[in-house]
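Novice: missing the sequence, but the structure's below:
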RNA sequence: GCAGAAGUGGCGGAAUUGGCAGACGCGCUGGACUCAAAAUCCAGUGGGCUAACCACCCGUGUGGGUUCGACUCCCACCUUCUGCACCA
């Protein structure tokens, strides 16, 4: 076989060769040539096309798709993308049918703001940015099936985003069946008879609804800001105020319990699961009614510490609480009004930032403690949040530090109703300064009337007991509460999915139907905000106002658009069947790629930890709605999740333009090659760790790749080295080869890419020393390297004489027999200190090892004639002689 | 304040059913090749002590503990990073 010399000659005359000839021509190792050559080859041969082949086991490995910003890819992107690419390539070689897609989350404010300043249409900017991202991603040699690419701003895509929104809109949550159901199936209570009443009742139960809620309004920007955006703009000098506005909301709270419970089904980072649990924030307590003096009704408070109810010193309502106006006495009205006004001006941020000092005002009203009939004053204070619980709390200064602070500030009494269990601590606890909040180690005191007593009970028992008692007396009830709030789902922007709902003059409305979707964005040229709190869509007369074809009525479209989260809530489903025009995803394909039941879902999902809560919670919510209707087969969308760590600048701080420490992947690819960038990013350290960039490190990896190449081929001619021959491996070579295959396979499975690379480096270091290099070892090494450095591996694979793409070869299997060692080096210790090392037969038992140790001259020297008290021998490890 | 993660050479990191700490890479030192440089190759590289890379001693954030033996397990503490933050 002499193909190589023949081929080597060919490189001088390959100006117009066909791709096959081109692929078979070699050249000196030059990463730019090699990478361009194989990327072209892969593309032209559709090497990464995925079909739904149900005869093979499937593997769905997904990246969090990027927002295509004008800045292009940064070095953080290739980190996660390389990791998933390695897994995808490995799984293909292992015989799996792999779905490994890529797309673009392209709606969003930055593009719209760019349009506002330049007048260039966001669609055009988006198109250019996507083209640039695609070029960059392709230059890195990722094995995506580009036939399946998704763009969330494509009407054919957002048609289905709108469709899912309408599915949610047309649903209510059946608490008994614990699932979403069509709104038509909602039982209407008999007292609602007119069509308008029925519509209003249905609207109050829909999973998507309109509400008037306070939002962060920025006058200069002409838009509402998300809570997490407020900080950024305020620091730039903009003012943000709280303003009640009409908004679309999604009732994610209906799914709180399932979102919490089903976290047990997924294989996610512990910290992410904890974050989601905290975000959902489940607590168990009681609602208790405090009757009002001089009124027929009462105040319902929510408390997690009903065991401290005998210690109530006052009641506090949130300033926005609806009862405030009714119960405030004339003498207090002025003070209450002023306080409410001052609170309204504060943003949520200010309310919490200035949290050290408690503020509040007495309403003049009094309430009755239902357990002991004590009369307590009713205050308002901004430390009580209107949107949580019942918007009112019972103040127990001895059991809650916040209540204690409040009582101290306003000179309210501090009745002591809890005590540390530990008598010493109880004696020394200074209740005039601190509440005792450690309820796991507390007992109730001073808590009795003629009817009941909690005295002496530990707090947890007292809590259960008093709750049951309140319930039996009709004074309160057990209550489960979540911190999770409904999802604010509208933005006053142009560049987002239109909400496909129209409003008629008579106050009714109509949602579009499937045959009317997508509701496309109109082509506009003025992207400036309206200034009225409406999106630029409100200015597009011909789009907003129209006569509805289906009803013949004059109608107006919703002008708010959806938030950026919407498109990313379900994109993983669209990748399965991206061109389907009749459904968001074909049922059979969905079942194949997602699997079914509680163990199904995307097999591996990799992305940044910054999405640990919102994106992952929103996507889970939408998935569960789809699950309730049978559109998807698994309760959870993402089976295994992994977060890649942040890559810092070379100076070990976060990369930023202002610091000038930003690394552009294009430059790295240009200078060192995509393979070097890929392997370096994997070699830097554990995938999940935050770690600094190192140009020297990339050079080191580039050196390794060149060494790998030179181990097999002549770097000047690109031909196979004569040293590579069909010879048997020595036992040592065999051991190294098979431990390398084992290590690389296992490390890819566990995403420990850094140690897999280290092992391949060891392999190259050793085999480079060998004068004659066994062909079989070289080939199997190239197969191991292929998922990491696909370009150079493909080149070497062909230099080794193969014609099929390395991406379609099976991954090598290691032979356990080759890993059996006949001799091992063990350590001999005296009093746990290493004193000698000896090579012994691997199967030597404890007794044999003991004999070897005791006869060892060095050990005898340290024993100095003394008799060992004890000898510990661990086969294949060590012998420890104790004297 | 609460929750989570993590502290190992000059640097990135490796090794945890408890068993040779520092694999691999970077950097550095010396050497080969070269007129010279780059590239490449070879050797060395935790600290101390020492004439000695003979031996010995110390060493995985700090202080205790368990054990024949601890980077690994237990207790207390310190530091850093990330998220949440008056959620009653």
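Specialist: Yep, it's here. Values in this document were obtained by computation on a predicted structure and should not be read as measured data.

Novice: and the closest residue to RNA strand B within the stretch 451-600 of chain A, how many neighbours?
Specialist: Nearest residue of the stretch 451-600 of chain A to RNA strand B (C-beta to the nearest atom of the strand) works out as residue A:483 at 3.6 Å. Just so you know, the C-beta spots here come from the backbone N, C-alpha and C atoms, and that holds for glycine as well. Residue A:483: 15 surrounding residues under other C-beta atoms under 10 Å.

Novice: the one 3 residues further on now?
Specialist: Each residue near residue A:486 was counted by other C-beta under 10 Å, and the total is 18.

Novice: shaky segments in the stretch 51-200 of chain A?
Specialist: Of all residues in the stretch 51-200 of chain A, none has pLDDT under 70.

Novice: can you show me the helices along it?
Specialist: Remark: helices assigned in the stretch 51-200 of chain A by DSSP state H, counting those that start in this stretch are A:76-93, A:109-118, A:122-139, A:155-169, A:195-205.

Novice: the fourth one packs against which elements?
Specialist: So the one you mean is helix A:155-169. strand A:208-218, helix A:565-568, helix A:614-628 (3 or more C-beta pairs under 8 Å, 6 or more residues apart in numbering; DSSP states H and E).

Novice: can you tell me which of the ones you listed is most buried?
Specialist: helix A:565-568 (a mean of 24; mean count of other C-beta atoms under 10 Å).

Novice: chain center to that one, what's the gap?
Specialist: Relative to its chain's centre, helix A:565-568 lies at 13 Å (C-alpha atoms, centre = their mean, to the nearest Å).

Novice: show residues contacting it.
Specialist: By C-beta atoms under 8 Å, 6 or more residues apart in numbering, the residues outside helix A:565-568 that reach it are A:64-65, A:105-107, A:152-153, A:157-158, A:161, A:165, A:489, A:496-497, A:614-615, A:618-619.

Novice: does RNA strand B sit close to it?
Specialist: No - using C-beta under 7 Å from any atom of the strand, helix A:565-568 stays clear of RNA strand B, with a minimum separation of 14.4 Å.

Novice: state the mean pLDDT of that helix.
Specialist: In this model, helix A:565-568 has a mean pLDDT of 95.

Novice: any idea how far the helix or strand harbouring residue A:793 is from the middle of the chain?
Specialist: Using DSSP states H and E, the element containing residue A:793 is helix A:790-799. A distance of 35 Å separates the C-alpha centroid of helix A:790-799 from that of its chain, computed with C-alpha atoms, centre = their mean.

Novice: between it and helix A:76-93, how big is the angle?
Specialist: Interaxial angle, helix A:790-799 versus helix A:76-93 (axes from the mean of the first three to the mean of the last three C-alpha atoms, to 10 degrees): 40 degrees.

Novice: tell me the pLDDT of residue A:214.
Specialist: pLDDT, read off for residue A:214, is 79.

Novice: mean neighbour count added to the helices of the stretch 51-200 of chain A, as CSV?
Specialist: Formatted as CSV, the helices of the stretch 51-200 of chain A follow (neighbours: other C-beta atoms under 10 Å):
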stretch, mean neighbour count
helix A:76-93, 24
helix A:109-118, 18
helix A:122-139, 18
helix A:155-169, 21
helix A:195-205, 13
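
Novice: okay if I get the ones you listed as CSV plus distance to residue A:311?
Specialist: Output for these, formatted as CSV (distance: least, C-beta to C-beta, whole Å):
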stretch, distance to residue A:311
helix A:76-93, 52
helix A:109-118, 49
helix A:122-139, 58
helix A:155-169, 44
helix A:195-205, 37
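
Novice: can I get those in CSV with distance to RNA strand B?
Specialist: CSV is the format used below for the helices of the stretch 51-200 of chain A (distance: least, C-beta to the nearest atom of the strand, whole Å):
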stretch, distance to RNA strand B
helix A:76-93, 12
helix A:109-118, 18
helix A:122-139, 23
helix A:155-169, 24
helix A:195-205, 23
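
Novice: show me the one of those helices that comes nearest residue A:867.
Specialist: helix A:76-93 (56.3 Å; C-beta to C-beta).

Novice: which helices and strands does the closest one pack with?
Specialist: Packing contacts for helix A:76-93, counted by 3+ C-beta pairs under 8 Å, 6+ apart, involve strand A:58-63, strand A:97-99, strand A:604-606, helix A:674-683, helix A:731-749.

Novice: about what we covered before: is it true that the residue of the stretch 451-600 of chain A closest to RNA strand B touches residue A:277?
Specialist: No - between residue A:483 and residue A:277 there is no contact under C-beta atoms under 8 Å: 10.3 Å.

Novice: grab the nearest non-local neighbour of the residue nearest the centre of chain A.
Specialist: Ranked by distance to the mean C-alpha position of chain A (C-alpha atoms, centre = their mean), the top residue is residue A:612 at 3.3 Å. Leaving aside its sequence neighbours, residue A:612 sits nearest to residue A:272 (C-beta to C-beta, 6 or more residues apart in numbering; 4.4 Å).

Novice: spit out the contact partners of the nearest residue to residue A:726 once chain neighbours are set aside.
Specialist: In space, and not counting its chain neighbours, residue A:726 is closest to residue A:775: 5.1 Å by C-beta to C-beta, 6+ apart. By C-beta under 8 Å, 6+ apart, residue A:775 lies in contact with A:724, A:725, A:726, A:727, A:800.

Novice: tell me where the stretch 651-800 of chain A has strands.
Specialist: With DSSP state E, counting those that start in this stretch as the criterion, the stretch 651-800 of chain A has strands at A:691-692, A:724-725, A:773-774.

Novice: which residues touch residue A:213?
Specialist: If you count contacts by C-beta under 8 Å, 6+ apart, residue A:213 has them with A:244, A:245, A:247, A:249, A:488.

Novice: which parts of the stretch 451-600 of chain A sit against RNA strand B?
Specialist: Residues of the stretch 451-600 of chain A lying near RNA strand B (C-beta under 7 Å from any atom of the strand): A:481, A:483.

Novice: quick revisit: between the contacts of residue A:775, which is nearest residue A:240?
Specialist: residue A:800 (63.4 Å).

Novice: check contacts around the closest one.
Specialist: Contact analysis of residue A:800 by C-beta under 8 Å, 6+ apart lists A:712, A:720, A:724, A:775, A:778, A:779, A:782.

Novice: over to residue A:481?
Specialist: With C-beta under 8 Å, 6+ apart, residue A:481 has these contacts: A:282, A:283, A:284, A:285, A:302, A:388, A:389.

Novice: and if you look at residue A:417?
Specialist: A:308, A:310, A:311, A:396, A:398, A:399, A:444, A:445, A:446, A:447.

Novice: for the first one, which non-adjacent residue is spatially closest?
Specialist: By that I understand residue A:308. Using C-beta to C-beta, 6+ apart and skipping residues adjacent in sequence, the residue nearest residue A:308 is residue A:399, 3.9 Å away.

Novice: which residue does the stretch 1-150 of chain A have closest to RNA strand B?
Specialist: RNA strand B sits closest to residue A:29 of the stretch 1-150 of chain A, with a gap of 11.0 Å, by C-beta to the nearest atom of the strand.

Novice: wait, a strand at that residue?
Specialist: No - read with DSSP: H, G, I helix; E, B strand; the rest coil, residue A:29 is coil and lies in no strand.

Novice: touching, it and residue A:715? I think so.
Specialist: Yes - contact criterion C-beta under 8 Å: residue A:29 and residue A:715 qualify, at 5.0 Å.
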